[in-house]
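Engineer: Build me a model from this:
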Amino acid sequence: QFKLIVENPEKPVAPGLQVKAVVEYYPETEEDLQDNLLLLIEENTVAIPLLGLVPCCDLETESQVDFGTVIADSKIISKEFSIANHGSLPGIFKISYNGDVLLNIEPTKGVVEPESSEVIEVRICTDVPRIIREVIKVEMEGCSCSEVWIKAVVVEQVLKVLGASSDDALECINFGPVYFGSSKTKQISLYNKSPECIDWVAVLEDNAVGGEMGTDLQKSADAALQDLSFINKTRNLDVSTLIWCIPDQGTLLPYEKSTVNLCFSPIDYDAGKKFKGAFVVNGSSPRQDYLLFLRFEAAGNKDGYLQTPSDDTTPSTRNCPHHTELALIGSALPVVLTFNPGPVIKFMDCFLGEQTQVSCMLKNESESLPVKFTFRKTAHFNISPEKGKIKKSSTKDLIFSFSPRQIGKFEVKQVVDIIGRELDKNNLQVSNTKPFHQVYLSFIGVCKSKPKNILFRTNPGITPMISNATGWFVADDAGQCTDIAPVAMLKSAQTQIHTHQINRNCKDDALIAFPNDRSASIRPSERNKKYRTIFTKTERYHYVDPEFSYTDCERLSKEQHKEHYADFISSLRQHRLRTEAIRQFYTYNNPVSIGLKPAEGLMSPKISLTDIREEKLQIKMLSSDENCLLTSQKLAASTSKSSIQEIWSGLSAMPFSAQEKKDCSLTLTPKQLHQILIGPSTMDFGDVCVYSITTRKLHIINNLLVHVWIQIEMEIDELQQTSPLCQVVPPLTKTCIPVVFQRKTRGIFKKSFTYTINNKHPGHVLVIANVVPVELHLSTRELILNPVPGYLAETEFRATVRVYNSRNRSAEFIWKRIITDEETAFSIQPGKGFVEPYSDLECEVVWHPGFNSPGEGEFNLCVRKGNTANLKCFAKVTL
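Structural biologist: Below you'll find the predicted structure:
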């Protein structure tokens, strides 16, 4: 079957030349042939093997498909492997799997063309943590059955709280005692023990079982319960102001650690009593012990946030089971200092230049913490030492000094700053040393003047307006005021004594100077004022030194400079007034307020203190302050408020207004994503019939103060009837999207569809269903027909049987008799019909007595495209 075509050379082949031979193969049977071609080179012989192979397929596949380590987030993940054909004919393959894990393999059979490959997609569901190690069998044409291993390790997405300096897991952080108003910080490490990135957020559980909110645990239970005022005060306490987590949200890479600072900053809400009792131990503020739980969890809608009940009415919210909880323990103590004497310190009277001292003992009444203090500087009073530190239950001696610098009675409030660490809520940083508390003392001191002898001298000039009885002697006390020249001025219009005739018509704005002010008259305070003598009103002489005084240009420039700044300040004021007027205009110019005044016949509603307290609490809970921690009560309150404003239709599919476009273009933080609830994350349709249409609600709750844009990417054929796929959800609003499921084939369905928030933040929902055929059940499989008491001969026996339809699709049925050798005496009505979903139908069975009527009969309930149920009937005849 091999043919050689060649022209052998008669002469030797010269170097560089060649001889060409052609071998043709003509197979006659489907078998492989083998032969040799002999090449004679002078005295040597070379055998060239010839192989003739029959055309066939050569299929080859991979040995395993490894998904690696993935997290259990109820998502459908896929991986591909290929079946390659290295042969010259198409090859057929078939894949079979009989394991326990639900593997979706597509395609399961097909044909691979020569020199090509077929891609096989394997999908698994990461709904529960487990280790997947399954094998699928691949039957390929022309070779033995191959095995492909499917491997995956599904783990939970775990956040672990570790110590800052060690890798030990932490369950509790004890801050210990902390003064009211101060802060104490602890560091922890947050560890992402999972193979994927995680957006985390911290939530403070302020309504957890076992928590303590400011209770003094050193008291007995009866004493704590009797303090009802304190219980009512701490009931609505915003615990997000006590515990600070810095940062309280973030993103962790796979197996990454991040440092988190926890700060305990207690606040005394009874500050008035605290200051009042700063000097008396028994009147101090009570001790407050706190036990709170801080939860670290993945941001967004994870497993278990929204669970739909069986009737699919209203979803219920519950905490996510996959989280890490950390207990926080701390005690808040008041600063209690005792001053002996105090708080009013009275000093002995002294003269100017003298000093008096008072010794005082400062005691720290706290048995748990030391205290650092510093005295603020106060005029005329000195403290030694001005600052210091007092250990717990210790004292320190102080000396207060009164050194007056002027005569009079001094009553001052001395401020004592208590130094400690305080949290800066703007920058979220703990300062090293900063006053967080003040204690006040009252200092009272009197400085008396020294008595002195007054020497009198003869007054040679004009007698002053106030003098002694004779007017000749005056007190010479001007020696202490030598730096100011005595100047006396009178209005010229108020005196006409000895006025010279040429000065009678002087202007009224001229000032009159006494004759003993000569030292001040030659240097006028203002150039535009004229001074005249007291008697003749002659204009006085003024001398202006050109070397030291302002020129006219300089004076004019100075006045222009003052006017420039005066106009600038005036323009700022006018701008502020215009801005305030515009703001008030837009505040009151709205369709809600129509300008009615309460005094014009409208009665204001009566608001109780309870309503005001609840409104303030809701405002606090709905606050969008990004610095405060999320609390469980805030989340519950915002969800409750959003559920009240429930909108089922009329929402736009895309943002149209300027505000909607601005809000829907935002990149949300993990804390904001945590306040958007979309669920349930696992939508279980249960048992559904083939070709039936079933609807479940996908609830969307927007607890934010901005619009959000929800877009659903639906690529599943069974969910193509779902609509709408896009919605712009307003702030604090709840809505839902009906998810419609319909499938044409039986089996377990498990796939997931994805959605995005603001076209940036992805999420997914797992859809589970068990697609089954229609099925009817009978109330009994054996029916006994008894006669009615006092029945007559040839009276029919009657009984009923119920047909139940527990599926979601109406079922068509027909009763068929099982034919035997004997004729039947039983009949059943109705003989055929429909049973609506989740309902039942009563059928009546009648036995017709006769001479040869058999007492037994049998029927089959045949359901169209469904099951078949058997019913046996017995007639009980009594003689």
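Engineer: only C-alpha atoms for contact and neighbour calcs from this point on.
Structural biologist: Will do.
Engineer: So which bits of stretch 371-386 are buried?
Structural biologist: Residues of stretch 371-386 classed as buried by neighbour count (16 or more other C-alpha atoms under 10 Å): 371, 372, 373, 374, 375, 381, 382, 383.
Engineer: okay, now the residue nearest to the third one when sequence neighbours are not counted: neighbour count?
Structural biologist: The shortest distance from residue 373 to any residue other than its chain neighbours is 4.6 Å, reached at residue 418 (C-alpha to C-alpha, 6 or more residues apart in numbering). As a burial measure, the neighbour count of residue 418 was computed by other C-alpha atoms under 10 Å and equals 22.
Engineer: again with residue 67
Structural biologist: When neighbours are counted by other C-alpha under 10 Å, residue 67 registers 19.
Engineer: Check residue 388 too.
Structural biologist: 13.
Engineer: Any stretches of the stretch 1-150 of the chain with poor pLDDT?
Structural biologist: Within the stretch 1-150 of the chain, no stretch falls below the threshold (pLDDT under 70).
Engineer: So for residue 427, what's the pLDDT?
Structural biologist: With respect to pLDDT, residue 427 has a value of 61.
Engineer: Mind checking which of the buried residues of stretch 371-386 are in strands?
Structural biologist: Residues of the buried residues of stretch 371-386 located in strands (DSSP state E): 371, 372, 373, 374, 375, 381, 382, 383.
Engineer: who touches stretch 869-879?
Structural biologist: Stretch 869-879 is contacted from outside by 776-778, 780-787, 797, 826, 847, 855-862, using C-alpha atoms under 8 Å, 6 or more residues apart in numbering.
Engineer: Off-centre distance for that stretch?
Structural biologist: 69 Å (C-alpha atoms, centre = their mean, to the nearest Å).
Engineer: Dump it to PDB, restricted to CA.
Structural biologist: Extracted C-alpha coordinates of stretch 869-879, given in PDB (Å, rounded to 0.1, in the frame of the first residue of the first chain):
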ATOM      1  CA  ALA A 869     -51.500   8.800  43.400                       C
ATOM      2  CA  ASN A 870     -53.400   5.500  44.100                       C
ATOM      3  CA  LEU A 871     -56.700   5.400  46.000                       C
ATOM      4  CA  LYS A 872     -58.300   2.100  47.300                       C
ATOM      5  CA  CYS A 873     -62.000   2.000  48.100                       C
ATOM      6  CA  PHE A 874     -63.700  -0.500  50.400                       C
ATOM      7  CA  ALA A 875     -67.500  -0.800  50.900                       C
ATOM      8  CA  LYS A 876     -68.300  -2.000  54.400                       C
ATOM      9  CA  VAL A 877     -71.600  -3.900  54.100                       C
ATOM     10  CA  THR A 878     -73.300  -5.000  57.400                       C
ATOM     11  CA  LEU A 879     -76.100  -7.500  57.700                       C
END
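Engineer: For that stretch, buried residues please.
Structural biologist: Buried-residue list, stretch 869-879, by 16+ other C-alpha under 10 Å: 870, 871, 873, 874, 875.
Engineer: Contacts only, for the residue nearest to residue 373.
Structural biologist: Listed by C-alpha under 8 Å, 6+ apart, the contact set of residue 418 reads 371, 372, 373, 374, 435, 436, 437, 438, 439.
Engineer: Could you let me know which of these ends up closest to residue 62?
Structural biologist: For those, the minimum distance to residue 62 (C-alpha to C-alpha) is 70.2 Å, reached by residue 436.
Engineer: is it true that that closest one touches residue 423?
Structural biologist: No. Between residue 436 and residue 423 there is no contact under C-alpha atoms under 8 Å: 9.6 Å.
Engineer: Settle it for me: which of these two has more neighbours?
Structural biologist: The residue with more neighbours, out of residue 436 and residue 423, is residue 423; 22 against 17, by other C-alpha under 10 Å.
Engineer: Please report how far that one lies from residue 574.
Structural biologist: When distance is defined by C-alpha to C-alpha, to the nearest Å, residue 423 is 39 Å away from residue 574.
Engineer: Kindly report the same for residue 251.
Structural biologist: Taken as C-alpha to C-alpha, the span from residue 251 to residue 574 is 48 Å.
Engineer: With neighbour numbers in mind, choose between these two.
Structural biologist: residue 251 (17 against 12).
Engineer: Which residue ranges make up the domains of this protein?
Structural biologist: As recorded under the TED database, the domains making up the chain are 2-52, 59-155, 157-220+238-270+295-301+323-334, 337-448, 510-568, 646-772, 776-875.
Engineer: Show the average pLDDT along the last one.
Structural biologist: For domain 776-875, the mean per-residue pLDDT is 86.
Engineer: So for stretch 741-748, what gets flagged as buried?
Structural biologist: For stretch 741-748, using 16+ other C-alpha under 10 Å, the buried residues are 741, 742, 743.
Engineer: Now do the shared contacts for residue 436 and residue 423.
Structural biologist: With C-alpha under 8 Å, 6+ apart as the test, residue 436 and residue 423 both reach residue 182.
Engineer: Mean pLDDT per helix and strand in the protein: which one sits at the bottom?
Structural biologist: helix 271-276 (a mean of 39; mean pLDDT, DSSP states H and E).
Engineer: next SSE after that helix?
Structural biologist: Of the helices and strands lying after helix 271-276 in sequence (DSSP states H and E), the nearest is strand 288-298.
Engineer: Quick check: the residue nearest to residue 673 when sequence neighbours are not counted vs residue 154, distance?
Structural biologist: In space, residue 673 comes closest to residue 300 once its chain neighbours are excluded; the distance is 5.0 Å by C-alpha to C-alpha, 6+ apart. For residue 300, the distance to residue 154 equals 21 Å [C-alpha to C-alpha].
Engineer: Then residue 664?
Structural biologist: Distance from residue 664 to residue 154, by C-alpha to C-alpha: 35 Å.
Engineer: can you check residue 874 too?
Structural biologist: Counting by C-alpha to C-alpha, the gap from residue 874 to residue 154 is 57 Å.
Engineer: Can you name the two of the buried residues of stretch 371-386 that sit furthest apart?
Structural biologist: Farthest apart among the buried residues of stretch 371-386 - using C-alpha to C-alpha - are 371 and 381, which lie 23.1 Å from each other.
Engineer: Flag every buried residue along stretch 729-745.
Structural biologist: 729-743.
Engineer: which of these lies closest to residue 721?
Structural biologist: residue 740 (5.6 Å).
Engineer: partner residues bridging the closest one?
Structural biologist: Assessed by DSSP bridges, residue 740 has beta-bridge partners residue 695.
Engineer: Residue 695 is in contact with that one, correct?
Structural biologist: Yes. Residue 740 is within contact range of residue 695, at 4.5 Å (criterion: C-alpha under 8 Å).
Engineer: For residue 584, which three-state class applies?
Structural biologist: Secondary structure, DSSP: H, G, I helix; E, B strand; the rest coil: residue 584 is helix.
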